[in-house]
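Novice: Here you go, sequence then predicted model.
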Amino acid sequence: MAMLMLSLSLWAQNVPELVYYKFDAAGTTVQNQASSPVGTNPAQVLGLTIGGTGQFGMGLQGNGGSSSSNYVNTGWATNLGTGPWTISFYINGADNSTTLYYLWGDNTA
C-alpha cells in the first residue's frame, strides 16, 4: 500500500503601497485601492472609457487620442524615492506599428 502526502502552501500578495487601480467599474472615476493611497482618491478618468474586457474583468480603454485630454488624473506629484519599485499592468490590443504611445508619467516626473 502506497501513501501519498502532499503539502501545499499559498501566499497572498500584499496590496501595493502607493498606487493600485482596478478599472472594473464603469464611470468617470476610479478608486486607488493601495494600502497607503496617494493623490486624489478617487482619481478622475478623462477622455477614456472603463469597460470592455481586461485581464480580470473590465479595463481602461485607450482611444489613441492626445494625452493632454485623455488620461487618469491621480492628483499625485510622482515621487518614487530612491529604493526599488515596480510598475505592472496588463495591455491588450495595442496597435502593432511603429507609432509611439505615452503610457506613464506626469508633468512633474
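Specialist: Structure received. All of these numbers come straight from a predicted model, not from anything done at the bench. Numbering: from 1, shown residues only.
Novice: show me what contacts the residue nearest the centre of the chain?
Specialist: Centroid check for the chain by CA atoms, centre = their mean gives Tyr21 as the closest residue, at 4.7 Å. Applying CB atoms under 8 Å, 6 or more residues apart in numbering, we find Tyr21 in contact with Val30, Gln31, Asn32, Gln33, Ala43, Leu60, Val72. All C-beta atoms are positioned from the backbone trio N, CA, C, and that covers glycine.
Novice: same check, this time on Thr74
Specialist: Residues near Thr74 by CB under 8 Å, 6+ apart: Val19, Asn32, Val38, Gly39, Thr40, Ala43, Asp106.
Novice: Swap in 10 Å and give it another go.
Specialist: Contact partners of Thr74, counting by CB atoms under 10 Å, 6 or more residues apart in numbering, are 18-19, 21, 30, 32, 37-44, 106.
Novice: So which of those residues sit within strands?
Specialist: Val30, Ala43, Gln44 (DSSP state E).
Novice: Only the buried members of these: can you turn that into a PyMOL selection?
Specialist: The buried residues among these can be selected in PyMOL (16 or more other CB atoms under 10 Å) with this line:
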select buried, resi 30+43
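Novice: Quickly name whichever of the ones in strands among the contacts of Thr74 is closest to Trp85.
Specialist: Ala43 (18.9 Å; CB to CB).
Novice: That closest one reaches Thr29, doesn't it?
Specialist: Yes - Ala43 is within contact range of Thr29, at 6.5 Å (criterion: CB atoms under 10 Å).
Novice: Would you map the strands across the chain?
Specialist: Counting by DSSP E, one finds strands in the chain at the ranges 29-30, 43-46, 49-51, 59-61, 71-73.
Novice: who touches the longest one?
Specialist: The contact list for strand 43-46, computed with CB under 10 Å, 6+ apart, reads 19, 21, 23, 26-32, 37, 60, 68-76.
Novice: what do you get if the cut-off is 8 Å, keeping everything else the same?
Specialist: 21, 27-32, 60, 69-75.
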